[in-house]
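Quick one: sequence plus predicted model below, questions after.
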Amino acid sequence: MSEHTLTPEQVAARRAEFEDYLRKANGVLIGTHVQPDGDAIGSSLAVSLWLSKLGIESQVLCHHPAPPYLEFLPAIERLRQAPSLEADTGILVDLESMSRLGSLGPLFEAMPRLVLVDHHLPHERPGDLRIVATNAPATASVLMDLMEAAEPGLDADIATCLATGLVTDTGSFRFPNTTPHALHQTARLVELGADLSKISQEVYLNKDDAAVRLLGLVLARIRTAAEGRLAWATIPHETFETAQAEEFHTEGIVNEILSMRSARAAFLLREARPGKIRASLRSKGAVDVAQIAQRFGGGGHKLAAGASFEGSLEAAEAALSEAFLECLES
Ligand SMILES: [Mn+2]
């Protein structure tokens with residue numbers, strides 16, 4: 001068994017070691033990955049709030065600011081792009097590789113004391129103290145196992161931060177990583193004061209208007225082939241202008257296309273800049289989209305992959321739909 005597949009009990013058994021290490025800190029900087037999500041920010045803020053209860057000063061650092069849908073989190077004002085605190089100890093959360101720190105990489109690489117708490121299979125093994133549980137659904141779950149039994153323990157603000165990590169990384173408890181332990185933890189967080197309904201509203205009913213306008217334009221233009229088993233859409237550059245949208249506003253659209261009952265696979269092509277085309281490929285299982293993406297110099301997983309094209313949108317659409325249809329018919 002790998003040292004990384006810690007069970008919740010094994011994580012909890014390292015609580016004293018974790019706390020002792022942090023109690024020896026002279027200031028703590030907490031770092032997480034670029035383009036932070038609910039688990040990255042929720043986990044970072046939770047550990048910062050917990051350190052405050054221990055009387056330890058900390059700051060939360062991220063290359064990017066928090067996305068608007070996470071601005072409701074307690075203590076979000078602790079998130080900064082550069083430190084203003086003298087600190088000898090770093091805590092990295094939700095981070096599988098140092099390169100994902102962006103501009104903060106050199107700062108954390110130079111820290112004399114470093115802790116890693118994560119649920120990704122690590123590409124690198126930074127830190128003196130590593131607590132990595134790859135079976136855990138979220139870094140927030142690992143942190144809860146470390147912090148819950150401590151004295152002082154959790155409060156309503158910490159619970160809100162941890163619950164946000166669990167809600168977002170489990171897709172609101174719909175993904176296969178939703179373990180009984182994660183549900184027990186979430187029940188405990190609700191008892192402590194986390195409001196799941198408020199978290200869901202903030203996270204899911206908080207899209208930029210441009211993203212919803214763009215979604216509407218794209219859904220109106222879905223094309224299908226092979227009796228609907230393949231569904232796709234393209235977003236020409238002009239459509240971005242019409243919707244006053246940016247490329248990041250396309251996030252999630254390909255999953256809406258795949259949600260059609262008839263669809264076995266789906267793709268979305270977007271021309272955010274003229275002549276520069278990016279593709280998102282999705283499958284419900286019958287088609288291996290990583291293989292298709294590799295043919296075009298891209299990559300990914302069996303169910304979700306991506307690739308880039310240069311040239312016309314029509315040429316990319318023809319090449320990709322042909323590749324998909326070959327797989328669907330074989
Ligand atoms: Mn995570």
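Here it is on my side, so go on. Numbers count the residues shown, from 1 in each chain.

Can you tell me which residues in the stretch 1-150 of the chain are near the ion?
For the stretch 1-150 of the chain, the contact set with the ion under Cβ under 5 Å from the ion comprises Asp39, Asp94, Ala138, Thr139. Backbone N, C-alpha and C define where each C-beta goes, glycine included.

and the second one, what is it in contact with?
For Asp94, the contacting residues are Thr32, His33, Asp37, Asp39, Ala40, Ser43, Ser44, Asp118, His119, His120, Ala138, Thr139, taking Cβ atoms under 8 Å, 6 or more residues apart in numbering as the criterion.

what does Leu129 give?
By Cβ under 8 Å, 6+ apart, the neighbours of Leu129 are Glu17, Phe18, Tyr21, Leu114, Val115, Leu116.

can you put these in a markdown table and add neighbour count and distance to Thr242?
Shown next, in a markdown table, are those (neighbours: other Cβ atoms under 10 Å; distance: Cβ to Cβ, whole Å):
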| residue | neighbour count | distance to Thr242 |
| --- | --- | --- |
| Glu17 | 13 | 56 |
| Phe18 | 22 | 51 |
| Tyr21 | 17 | 54 |
| Leu114 | 20 | 47 |
| Val115 | 24 | 48 |
| Leu116 | 23 | 45 |
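
Now, these that are in strands?
Cross-referencing the contacts of Leu129 against strands under DSSP state E gives Leu114, Val115, Leu116.

Make TSV from the residues of the stretch 1-150 of the chain next to the ion and add secondary structure and pLDDT to it.
TSV is the format used below for these (DSSP: H, G, I helix; E, B strand; the rest coil; pLDDT from 0 to 100):
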residue	secondary structure	pLDDT
Asp39	helix	97
Asp94	coil	94
Ala138	coil	97
Thr139	helix	97
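
what's the neighbour count on the residue of the stretch 151-300 of the chain found nearest the ion?
Residue nearest to the ion within the stretch 151-300 of the chain (Cβ to the ion): Asp169, separated by 4.6 Å. Applying other Cβ atoms under 10 Å, we find 25 residues neighbouring Asp169.

need the contact list for it.
The neighbourhood of Asp169, defined by Cβ under 8 Å, 6+ apart, consists of Asp37, Gly38, Asp39, Pro137, Ala138, Thr139, Ala140, Phe175, Asn177.

quick revisit: out of the ones in strands among the contacts of Leu129, who's nearest Ser52?
Val115 (16.9 Å; Cβ to Cβ).

related to what we said a few turns ago, which of the contacts of Asp169 has the most neighbours?
Going by other Cβ under 10 Å, Ala140 tops those with 35 neighbours.

Just read off the phi/psi values of the most centrally placed residue in the chain.
Geometric centre of the chain, nearest residue: Asp37, 4.5 Å, by Cα atoms, centre = their mean. Here is the backbone geometry of Asp37 (degrees, to the nearest 10): phi -110, psi -170.

which residues does the nearest residue to the residue of the stretch 151-300 of the chain closest to the ion once chain neighbours are set aside contact?
With Cβ to Cβ, 6 or more residues apart in numbering as the criterion, Asp169 has its nearest non-adjacent residue at 3.8 Å, and that residue is Ala138. Applying Cβ under 8 Å, 6+ apart to Ala138 gives the contacts Asp39, Ser43, Asp94, His119, Gly165, Leu166, Thr168, Asp169, Thr170, Ala182.

separation between the fifth one and Glu124?
Spelled out, it's Gly165. 22 Å (Cβ to Cβ, to the nearest Å).

Those two: which is more packed in?
Neighbour count, other Cβ under 10 Å: between Gly165 and Glu124, Gly165 has more, with 31 against 11.

buried residues in the helix or strand that one falls within?
For Gly165, the host element (DSSP states H and E) is helix 156-169. By 16 or more other Cβ atoms under 10 Å, the buried positions in helix 156-169 come out as 157-169.

cool, stretch 68-79 as well?
If you call a residue buried by 16+ other Cβ under 10 Å, then stretch 68-79 has these buried ones: Tyr69, Leu70, Phe72, Leu73, Pro74, Ala75, Arg78, Leu79.

That stretch: end-to-end distance?
Across stretch 68-79, the terminal residues are separated by 13 Å (Cα to Cα, to the nearest Å).
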